[in-house]
Every structure is written in structure tokens, then in C-alpha cells.
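J.: fold the stuff below for me.
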Amino acid sequence: MDVVMVDTNLGAGLTSDRFKIAGDFLAHLNFLNVLKGTDLSQVDAVVDFGGNPHNAYIRLQSFYGAALLPFLVVVFVSLVQLLVDKKYLLASVLFLYLFRAYFDIFYLFNLFDFLVFPLVFHWYFRRYLNQYRNSGDALLRS
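T.: Sure, this is the predicted structure:
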């Protein structure tokens with residue numbers, strides 16, 4: 001067990017640099033910053049890491065402010081709908097993607113969006129998928 005604690009970052013527990021950045025970011029939030037987005041150049045912990053917040057949610061909030069909330073609602077609705085539709089593997093992939101976004105900035109409106117957008121908008125496109133599936137079944141029966 002000592003090898004795991006010494007040779008990995010697990011020994012640091014919750015006192016990692018990412019948690020320091022998140023704490024400093026939260027300390028800089030006020031009503032106006034929540035609405036319009038937080039200027040990351042004013043967050044000392046982010047500046048110390050070359051302007052990289054190491055968190056896609058912090059980055060998104062700084063860019064979009066409160067406009068981020070509808071996106072988060074859509075993501076939550078899609079995750080719930082995937083579970084209701086018993087698409088557990090897809091729900092797991094979406095959950096893992098969102099979890100990973102907490103630890104890096106190149107998720108969410110960046111490089112890997114094309115991977116997750118079909119899952120994020122599942123709640124909307126599922127009716128078309130069901131329609132397509134049903135029309136395919138009708139063709140097979142005829």
C-alpha cells in the first residue's frame with residue numbers, strides 16, 4: 001500500500017493543485033461574475049499555472065457565465081433519459097466524459113466535443129432514432 005501512496009498522487013488526497021485552483025476560483029465568484037463569467041486573469045491560482053484552470057467547467061463559466069446553466073440542464077436531462085431508456089453503457093460514457101472534464105480543459109466546447117454531443121442531445125434525437133427504428137421494423141415486416 002505504501003507504493004501506491006508514494007508513487008502516485010493519491011498520497012496528496014484532496015489537496016491537489018486542481019482543488020486549490022477551484023477554491024481560489026470560487027473565492028473570486030460574486031453575483032456579477034456568475035452572470036457574465038469570471039475573468040481568470042484575476043484568479044491567482046489560475047495565473048500561477050499559466051492561465052490554465054485545469055477544469056473544463058471553470059473554463060466554461062469564465063467564457064459564458066450564467067449561459068452555461070442551460071447546457072448543464074441539457075446534459076443532466078440527457079443523462080437521466082439515457083438511464084430511463086436503459087442505455088446504461090451510453091450513460092456511463094457520458095458520465096465518465098463529464099467526470100473527466102473536471103480534470104482538464106480540452107473537454108466541453110473544445111477538441112473532443114464531437115464524441116459527446118450525440119449523448120448530450122440524446123433527449124432530443126431519441127424520438128428520431130425511435131422513428132427510424134420503427135420504420136425499419138415496418139420495412140422488414142412487409
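J.: may I ask which helix or strand encompasses the nearest residue to Ile105 once chain neighbours are set aside?
T.: Once flanking residues are discounted, Ile105 sits nearest to Arg59: 4.8 Å by C-beta to C-beta, 6 or more residues apart in numbering. Using the backbone N, CA and C atoms, a C-beta is placed for each residue, glycine as well. In the assignment (DSSP states H and E), Arg59 maps to helix 56-64.
J.: picking up where we left off before, contacting residues around the residue nearest to Ile105?
T.: Applying C-beta atoms under 8 Å, 6 or more residues apart in numbering to Arg59 gives the contacts Leu40, Pro53, Ile105, Leu108.
J.: ok, the third one touching Pro53?
T.: Right, Ile105. Yes: Ile105 is in contact with Pro53 according to C-beta atoms under 8 Å; the separation is 6.4 Å.
J.: between these two, which one's more packed in?
T.: Neighbours of Ile105 and Pro53, each counted by other C-beta atoms under 10 Å, are more numerous for Pro53; the result is 24 against 18.
J.: before we move on, back to that, and after the helix holding Arg59, which helix or strand comes next?
T.: Counting by DSSP H and E, the next helix or strand C-terminal to helix 56-64 is helix 68-84.
J.: CA atoms only for that next one, dumped as PDB, please.
T.: Extracted C-alpha coordinates of helix 68-84, given in PDB (Å, rounded to 0.1, in the frame of the first residue of the first chain):
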ATOM      1  CA  LEU A  68     -23.600  27.700 -19.000                       C
ATOM      2  CA  LEU A  69     -26.600  26.700 -16.900                       C
ATOM      3  CA  PRO A  70     -28.900  25.700 -19.800                       C
ATOM      4  CA  PHE A  71     -26.200  23.500 -21.200                       C
ATOM      5  CA  LEU A  72     -25.800  21.800 -17.800                       C
ATOM      6  CA  VAL A  73     -29.500  21.200 -17.600                       C
ATOM      7  CA  VAL A  74     -29.500  19.600 -21.100                       C
ATOM      8  CA  VAL A  75     -26.600  17.400 -20.100                       C
ATOM      9  CA  PHE A  76     -28.500  16.300 -16.900                       C
ATOM     10  CA  VAL A  77     -31.700  15.600 -18.800                       C
ATOM     11  CA  SER A  78     -29.800  13.600 -21.400                       C
ATOM     12  CA  LEU A  79     -28.100  11.600 -18.700                       C
ATOM     13  CA  VAL A  80     -31.400  10.800 -17.000                       C
ATOM     14  CA  GLN A  81     -33.100  10.000 -20.300                       C
ATOM     15  CA  LEU A  82     -30.300   7.600 -21.200                       C
ATOM     16  CA  LEU A  83     -30.800   5.800 -17.900                       C
ATOM     17  CA  VAL A  84     -34.600   5.700 -18.400                       C
END
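J.: all set now, cheers.
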